[in-house]
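Asker: got a predicted structure plus its sequence, pasted below:
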Amino acid sequence: MDVDGKYEPVIGLEVHAQLLTKSKAFCGCSTNFGDEPNSNVCPICLGMPGVLPVLNARVVEFVVKMGLATGCTIAPRSVFARKNYFYPDLPKGYQISQYDEPICANGFVEIETKEGKRKRIGITRIHMEEDAGKSIHDVESDTLVDVNRCGVPLIEIVSEPEIRSPQEAYQYLHQIRQIVTYLEICDGNMEEGSLRCDANVSVRLKGESRLGTKTELKNMNSFRFVEKAIEYEIKRQIELIEEGGSVVQETLLWDSERGVAVPMRSKEEAHDYRYFPDPDLVPVLVNEEWITKVKAMLPELPAQRRDRFVETYKIPKYDADVLSTEKPLADFFEGVITSLATKNEETYKLASNWIMTDVLRVLKEDKIAVENFPVPPAYLGSMINLIVDGTISGKIAKEVFEEMIKTKESPRAIVERKGLVQVSDEGAIEQAVDGILAANKGQVESYLGGKQQVFGFFVGETMKAMKGKANPKIVNEILKRKLAGYQP
């Protein structure tokens, strides 16, 4: 079915981000991931009678950070509510969340469409809540419950239904992940569940203003699965309508192995949860002084950093997009820039190239984060300085780079130890060129006869004769001069 033709998808995302606090939202239990099941619990987590939750102030600080970063209005007064439902991994029988008085509202995130235009996606609200536990079904006949996650602080970021394609949903989620990781309030790990996304999907005829019946997609633990699940659901709904059927409002689980969405339950409405203000928690009061203090803590955000990279360093937008994706990678790039002796567009681009090709290749091959990359930014910057000042060639730099990874030595120490200094002695290079031209008279005649591609052969042979240490620029200059005035 042609979605761009007859129908228009309407998509809204609900993103849950687990906050990087050391203790839970309403008690002092650890939030550490991967601990022994049911080891990080207390009477408050388990909802024992008579216990009183106390709000973790860091949770408020983190959600205000996210609100400010996305242009939200911060409510001076917000209220916690109880969201009532029964499930084995929810021992209290309710989840502490926020309902009609959330802490942040009316923000936005900017994405880039496939046409290269910027588009604002509205954020309806951002509110605080606690996580539920985890049911484990992969045993022979029983379901086990781990309540370590009960009470772990989350923020839920609810978008307006303004996303119009799976690709826009991908871009929006990518922007949200970038922001929470730059703010250092969430690690953004979808596989471990610290960033989770549910999608509300409906379709309508193009030009129609009324919304169609929506379904909710859950269990999407990667950016790729979010995109694929939404693609699947749009296609399913359109085919259903075209065949004369109607879409049923329900919750669907995405089965990534089969590439299908499976019905889970009928979609709940707010009244199904019987929300009411939590009587054990006082309203959250955020004054202007606190907001000003949090605002002063905000870092440069990813979109701002990307734009600054383009404007300040004059690198291509594609490079800036890649380099600003992760805050540690952007910090690494600027660390290299700081170490450059010559600061101009050429050296900035050289630094960008080395990171985007060689550094990212090693990170991918070794499956490590840039924080664990064995070559510090200052060493990579020093190596680029050696290329720029003619001490080593780009080819020799590849050898130096690999040696830095193995030995963690400085580039200068490696060059000196291995005798890799580039030969820029014009007399020595000229002597090598003369030998190459004398030994390859047939190729010289071909070149003089118009076969310009033979020039690369002469360069390669000269470099080989000088064991790769000749300055390529000087080699090219001497060859051009010799060939222009060649006398057999």
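Answerer: Okay, I see it. Numbering: from 1, shown residues only.
Asker: for the rest of this, base every contact and every neighbour count on C-alpha atoms.
Answerer: Fine.
Asker: wait, is residue 86 part of a helix?
Answerer: No - under DSSP: H, G, I helix; E, B strand; the rest coil, residue 86 falls outside any helix and is assigned coil.
Asker: which helix in the chain runs the most residues?
Answerer: helix 223-242 (DSSP state H).
Asker: packing partners for that one?
Answerer: Secondary-structure packing of helix 223-242 (3 or more C-alpha pairs under 8 Å, 6 or more residues apart in numbering; DSSP states H and E): helix 166-182, strand 195-205, strand 215-220, strand 260-266.
Asker: quick one: residues contacting residue 309.
Answerer: Listed by C-alpha atoms under 8 Å, 6 or more residues apart in numbering, the contact partners of residue 309 are 315, 320.
Asker: okay, it: pLDDT?
Answerer: Looking at residue 309, its pLDDT reads 98.
Asker: so what does it look like in phi/psi?
Answerer: phi -60, psi -40 (degrees, to the nearest 10).
Asker: contacting residues for residue 273?
Answerer: Taking C-alpha under 8 Å, 6+ apart, we find residue 273 in contact with 83, 84, 85.
Asker: check residue 287 too.
Answerer: Taking C-alpha under 8 Å, 6+ apart, one finds residue 76 in contact with residue 287.
Asker: residue 128 versus that one, what's the distance?
Answerer: According to C-alpha to C-alpha, to the nearest Å, residue 287 stands 17 Å off from residue 128.
Asker: what segments of the stretch 301-450 of the chain are helices?
Answerer: Along the stretch 301-450 of the chain, the stretches classed as helices by DSSP state H, counting those that start in this stretch are 302-313, 317-323, 327-338, 345-354, 360-366, 377-388, 394-407, 411-418, 426-439, 441-448.
Asker: buried residues in stretch 222-232?
Answerer: Neighbour-count burial for stretch 222-232 flags 222, 225, 226, 227, 228, 229, 230, 231, 232 (criterion: 16 or more other C-alpha atoms under 10 Å).
Asker: domain ranges for this structure?
Answerer: The record's domain parsing of the chain by automatic domain parsing lists 7-294, 300-418, 426-484.
Asker: after the host helix or strand of residue 106, next one along is what?
Answerer: Assigned by DSSP states H and E, residue 106 belongs to strand 104-112. Note on strand 104-112: by DSSP H and E, the next helix or strand toward the C-terminus is strand 118-130.
Asker: picking that back up, between strand 118-130 and the strand holding residue 106, find me the angle.
Answerer: 140 degrees (axes from the mean of the first three to the mean of the last three C-alpha atoms, to 10 degrees).
Asker: in strand 104-112, what's buried?
Answerer: By 16+ other C-alpha under 10 Å, the buried positions in strand 104-112 come out as 104, 105, 106, 107, 108, 109, 110, 111.
Asker: let me know the closest of these to residue 396.
Answerer: residue 111 (40.9 Å; C-alpha to C-alpha).
Asker: show me what contacts that closest one?
Answerer: So residue 111 contacts 118, 119, 120, 121, 168, 171, 172, 175 (C-alpha under 8 Å, 6+ apart).
Asker: beta partners of it?
Answerer: Beta-bridge partners recorded for residue 111 (DSSP bridges): residue 119.
Asker: from residue 50, how far off is it?
Answerer: Distance, residue 111 to residue 50, using C-alpha to C-alpha: 47 Å.
Asker: ok, residues contacting stretch 289-297?
Answerer: Stretch 289-297 is contacted from outside by 61, 64, 65, 68, using C-alpha under 8 Å, 6+ apart.
Asker: how about the nearest residue to the third one, chain neighbours excluded?
Answerer: Nearest residue to residue 65, sequence neighbours excluded (C-alpha to C-alpha, 6 or more residues apart in numbering): residue 294, at 6.3 Å.
Asker: what do you get for residue 43?
Answerer: residue 51 (6.8 Å).
Asker: so the one you found lies in a helix, does it not?
Answerer: No - with three-state DSSP as the criterion, residue 51 is assigned coil and is not in a helix.
Asker: settle this for me: it is touching residue 44, isn't it.
Answerer: Yes - counting by C-alpha atoms under 8 Å, residue 51 does reach residue 44; the two are 5.8 Å apart.
Asker: looking at those two, which one has more neighbours?
Answerer: Between residue 51 and residue 44, counted using other C-alpha atoms under 10 Å, residue 44 has the larger neighbour count: 20 against 13.
Asker: quick check: that one vs residue 53, distance?
Answerer: Distance from residue 44 to residue 53, by C-alpha to C-alpha: 6 Å.
Asker: now residue 41
Answerer: In terms of C-alpha to C-alpha, residue 41 sits 13 Å off from residue 53.
Asker: between these two, which has more neighbouring residues?
Answerer: More neighbours surround residue 41 than the other of residue 41 and residue 53, with 21 against 17 (other C-alpha under 10 Å).
Asker: what's stretch 350-365 in contact with?
Answerer: 315, 319, 322, 323, 333, 336, 337, 369, 370, 373, 381, 384.
Asker: now the strands for the stretch 1-150 of the chain?
Answerer: Remark: strands assigned in the stretch 1-150 of the chain by DSSP state E, counting those that start in this stretch are 7-18, 73-74, 77-78, 81-84, 94-97, 104-112, 118-130, 134-136, 144-146.
Asker: minimum distance to residue 467: which of those has it?
Answerer: Closest to residue 467 of the strands of the stretch 1-150 of the chain is strand 104-112 (C-alpha to C-alpha; 47.9 Å).
Asker: between that closest one and helix 302-313, how many degrees?
Answerer: Going by the same axes, to 10 degrees, strand 104-112 makes 40 degrees with helix 302-313.
Asker: report pLDDT for residue 271.
Answerer: At residue 271, the model reports a pLDDT of 68.
Asker: let me fix that, I meant to ask about residue 69.
Answerer: At residue 69, the model reports a pLDDT of 98.
Asker: gap between it and residue 340?
Answerer: Counting by C-alpha to C-alpha - residue 69 and residue 340 are separated by 32 Å.
Asker: same thing with residue 293?
Answerer: Residue 293 sits 35 Å away from residue 340, going by C-alpha to C-alpha.
Asker: and those two? which has more neighbours close in?
Answerer: For residue 293 versus residue 340, neighbours defined as other C-alpha under 10 Å are more numerous around residue 340 (21 against 11).
Asker: just confirm that one contacts residue 380, I think it does.
Answerer: No - with contact defined as C-alpha under 8 Å, residue 340 does not reach residue 380; the gap is 9.1 Å.
Asker: what's near enough to touch residue 214?
Answerer: 200, 201, 202, 203, 247, 248, 249, 250.
Asker: circling back to that earlier point, tell me which of the contacts of stretch 289-297 fall in helices.
Answerer: Those of the contacts of stretch 289-297 lying in helices (DSSP H): 61, 64, 65, 68.
Asker: hmm, the second one is touching residue 104, no?
Answerer: Yes - under the criterion of C-alpha under 8 Å, residue 64 lies in contact with residue 104, with a separation of 7.4 Å.
Asker: common neighbours of these two, please.
Answerer: Taking C-alpha under 8 Å, 6+ apart as the criterion, residue 64 and residue 104 both touch residue 74.
Asker: great, nothing more from me.
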